[in-house]
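J.: Prediction below, plus the sequence it came from.
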Amino acid sequence: MKNNERGSSLIEFTLVGIPLIFLLISTVEMARGMWIYHTLAYAIREGTRFVAVKGQGCATSPSSCAVTVGRIAEEIRRAGIGLDPNALSGVTFKALSGRTITCATLQDCLSDGTQWPSSAGAPDPGAAQGAEIEITATYPFRSALSMLWPGAGKVKFGTFSFPVSSREAIQF
């Protein structure tokens, strides 16, 4: 009887173990994806909140607390712990009744000294109290799951783009 059961452990592991390993990796990848998306959404929301609470009079004389694209980008970078500023792409600062500024990556925005949502010299309707502002961005999520997919060919990591946006009104 013992000779008839040789190798059954290996077959049982193959039939049960491999799907369980795939399930474990899938769970970890889903958790990682949700963490990245949550962190991204939080960072963009913090950047939008930073602009909303600075108010319309922040960039007018005699106040010297002008909100610049670089300062907003720094707030987003600070709040987005673990996010690569070079991978955070398509960062758009949009005053819904004013002007729009777009940076290729968050890293590019960090050195931008442009005042936003107000423009230097002329009042910008996008900077008025109650005016809505919106910040949008996209971040890639590279999953290791695609390399486990049958017929995937060479080992490639699938990339999904996480788009996120946040909209608020200027408070005061």
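T.: Nice, I can see it.

J.: Excluding chain neighbours, what is closest to residue 111?
T.: residue 70 (5.9 Å; CB to CB, 6 or more residues apart in numbering). In short, each C-beta sits where N, CA and C put it, glycine included.

J.: Give me the neighbour count for the one you found.
T.: 17 (other CB atoms under 10 Å).

J.: One more: residue 92?
T.: Count around residue 92 with other CB under 10 Å applied: 14.

J.: Make sure it is actually in contact with residue 104.
T.: No - between residue 92 and residue 104 there is no contact under CB atoms under 8 Å: 10.7 Å.

J.: if we can go back for a sec, mean confidence score for the strand or helix carrying the residue nearest to residue 111?
T.: Per DSSP states H and E, residue 70 falls inside helix 69-79. Average pLDDT, helix 69-79: 95.

J.: Show me the contact partners of that helix.
T.: Contact partners of helix 69-79, identified using CB atoms under 8 Å, 6 or more residues apart in numbering, comprise 42-44, 46-47, 50-51, 83, 85, 88, 91, 93, 101, 103, 106, 109-114, 116, 135, 137.

J.: And stretch 33-43, by the same measure?
T.: Contacts of stretch 33-43 (CB under 8 Å, 6+ apart): 76-77, 79-83, 88, 137, 139, 141, 143, 160, 162, 164, 166.

J.: about what we covered before: mind listing what's buried in the following helix or strand past the helix holding residue 70?
T.: Sequence order places strand 89-95 as the next helix or strand after helix 69-79, per DSSP H and E. Going by neighbour count (16 or more other CB atoms under 10 Å), the buried part of strand 89-95 is 89, 91, 93-95.
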